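Q: sequence first, then the predicted structure, then my questions.
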Amino acid sequence: MDVDMSEDEPLPFQQDLTCPVCADIFNDPVLMPCSHSFCRECLQKSLAQSVSKTCPVCREPVEEEQAITNRSLRDTCESFQKQRNLRINPKPPLENLCHLHLKPLELFCEKDEEPVCVDCVTLHNTHRLWSIKDGVPFCKEQLNFKLQIFEKKLEKYKKIKRQFSDSVDYVKYQAGQAEKQIKAEFERLHQVLYSDESLRLKALAIEEEEKIAAIEENISQIDKDIASMKKLVDSLKKEMGNEDLPLLKNFHDLKTKAQWTQSDPGLSFGSLLNMGHHVGSLSFKVWKDMQAHVKYYPVTFNPNTASPWVCLSPDLISVKESKERLNCPDNAERFDPCVFILGAEGYTAGRHKWDIDVGDNDKWIVGVCKESVARKKKFTVSTNRGVWAIGLSKGVYTVLTPDRTELKLQKRPQKIRIRLNLDAGEVAFWDAGAAVHLVSLKHKFDEKMFPIFGPGLHSTPMVLCPGKIAVHTSCV
């Protein structure tokens, strides 16, 4: 029997188990001679109300005494009633019973957040208990709060995914810009090399021409000497063919004429090419000459740390205000909302020095900071925030320590030099143009330190200064 059928839908065989008088399941059914069955009580009432004493179905004459108990139908009806009762009021599954008392779970404990049975009340007498019906709204309210959190987090993750997708496009943009910059720089260096190559080949060709011209001039002189010598030889041979006496008479003159006072020709010093000048240590000479076309910067800016309100030059040595907020990824290294940018390289040991041209900007900050300096929130620049710096604001030069020491300067510096000595735990600031020491700050630096720059929101750029390049050679 299908116990999952709806309560209002008749079960199979229910029609056959229904009394035709009361239209309900047979109760103590009796069988009449005409083969029809009725509830005993229904038959008695029907016969009592009928004058003719006939069967309520086929109208055959019957007597109450003819009714006999229909045991088979009675047993079937009782079985049917049991099945129907189970269908209407099914026994709770085992998982819906208390594991301790094996009774239905009819209460909900707010503290333990679990359903309990009535016998569990003594175990939860200090807890707030709800009926199952009242506990459902409470749980739904709690879950709805969680649901709202997850819905917000879901939207956040979708936003983060979009940011990641935008970051992919930004990385491709960076790669494209870097590729253009690399190609342009190598093209420039190629042109320098091509020009140097042309000059060296031209110098080689000129010397070749000069050396060959000098040798050919010697060859021309030798040709003249050969002609004179041949003429003399022919003259001597002719005189030697004369008679004996005339030969002897002319012997003295002939011997005097047969003199060659010129020295034999030969290659002089410097007749050949100076190969050492042209190809000796050629690569070193080319590299040395390239220094005039190459600039070295001790520090360059790291664009991945730049505030969205500043823009950089393609070679990463100049930074200035952006008229509008740049569209760049919100990566962990980037300063936002503070308008700062870091150097590309950090330091953990040694001595380091760099100059920054602050120009006529009326607001700036330069110095060093810890790698762990705050990036995503505003903060007061100070040594106790991991920044060792000086700055200019409203015409006042200040050492950015907690007490904000003012610097009294005789002359407005155009270039600031920062000397970082990590081994000695010191950072010093100088007026690079006047070579005047401004201030030194001491600290035991315990993590990687980075150059930090606050260019301020001004159109005049802050520019890093190139360092000096020196070539040292020595014998091994």
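A: Looks like it came in fine.

Q: what about this protein, any weak spots by pLDDT?
A: 1-13, 86-94, 476 (pLDDT under 70).

Q: could you pull out the strands for the stretch 251-400 of the chain?
A: Remark: strands of the stretch 251-400 of the chain, listed N- to C-terminal, are 310-312, 318-321, 341-342, 351-357, 363-370, 387-393, 396-399; assignment by DSSP state E, counting those that start in this stretch.

Q: what about His127, which SS state?
A: Assigned by DSSP: H, G, I helix; E, B strand; the rest coil, the conformation of His127 is coil.

Q: quick one, what contacts it?
A: Counting by C-beta atoms under 8 Å, 6 or more residues apart in numbering, His127 makes contact with 109-112. Every residue, glycine included, has its C-beta placed from N, CA and C.

Q: quick one: residues contacting the nearest residue to Leu409 once chain neighbours are set aside.
A: Ranked by C-beta to C-beta, 6 or more residues apart in numbering and with sequence neighbours excluded, the top spatial neighbour of Leu409 is Tyr397, at 5.6 Å. The contact partners of Tyr397, by C-beta under 8 Å, 6+ apart, come to 390-391, 406-409, 438.

Q: tell me where the protein has helices.
A: All helices of the chain, identified by DSSP state H, fall at 40-49, 71-88, 132-240, 244-257, 275-279, 282-290.

Q: got JSON lines for those helices, with distance to Lys353 too?
A: Below are the helices of the chain laid out as JSON lines (distance: least, C-beta to C-beta, whole Å):
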{"stretch": "helix 40-49", "distance to Lys353": "116"}
{"stretch": "helix 71-88", "distance to Lys353": "92"}
{"stretch": "helix 132-240", "distance to Lys353": "25"}
{"stretch": "helix 244-257", "distance to Lys353": "84"}
{"stretch": "helix 275-279", "distance to Lys353": "38"}
{"stretch": "helix 282-290", "distance to Lys353": "24"}
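
Q: as CSV, the ones you listed with distance to Lys377 and mean neighbour count would be great.
A: Output for these, formatted as CSV (distance: least, C-beta to C-beta, whole Å; neighbours: other C-beta atoms under 10 Å):
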stretch, distance to Lys377, mean neighbour count
helix 40-49, 88, 16
helix 71-88, 65, 14
helix 132-240, 19, 11
helix 244-257, 111, 11
helix 275-279, 62, 11
helix 282-290, 46, 12
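
Q: of those helices, which is nearest Phe340?
A: Phe340 lies closest to helix 132-240 among the helices of the chain, at 19.8 Å (C-beta to C-beta).

Q: for that closest one, name the packing helices and strands.
A: With contacts defined as 3 or more C-beta pairs under 8 Å, 6 or more residues apart in numbering; DSSP states H and E, the secondary structure elements packing on helix 132-240 are strand 107-109, helix 244-257, helix 275-279, helix 282-290.

Q: would you list these in JSON lines and tack on distance to Arg84?
A: Written out in JSON lines, the entries for these read as follows (distance: least, C-beta to C-beta, whole Å):
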{"stretch": "strand 107-109", "distance to Arg84": "30"}
{"stretch": "helix 244-257", "distance to Arg84": "162"}
{"stretch": "helix 275-279", "distance to Arg84": "113"}
{"stretch": "helix 282-290", "distance to Arg84": "103"}
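
Q: which stretch among these comes nearest Gln414?
A: Evaluated with C-beta to C-beta, the helices and strands packed on helix 132-240 place helix 282-290 nearest to Gln414, the distance being 29.3 Å.

Q: Gln81: which of the strands of the stretch 251-400 of the chain is closest?
A: strand 363-370 (84.3 Å).

Q: can you give me how far the closest one is from the chain middle?
A: Between the centre of strand 363-370 and the centre of its host chain there is 25 Å, according to C-alpha atoms, centre = their mean, to the nearest Å.

Q: tell me the strands beside that strand, with direction?
A: Using DSSP bridges, the neighbouring strands of strand 363-370 in the sheet come out as strand 387-393 (antiparallel), strand 449-454 (antiparallel).

Q: among the strands of the stretch 251-400 of the chain, which is the most enclosed?
A: Each of these was assessed for mean neighbour count using mean count of other C-beta atoms under 10 Å. The highest is strand 341-342, with a mean of 24.
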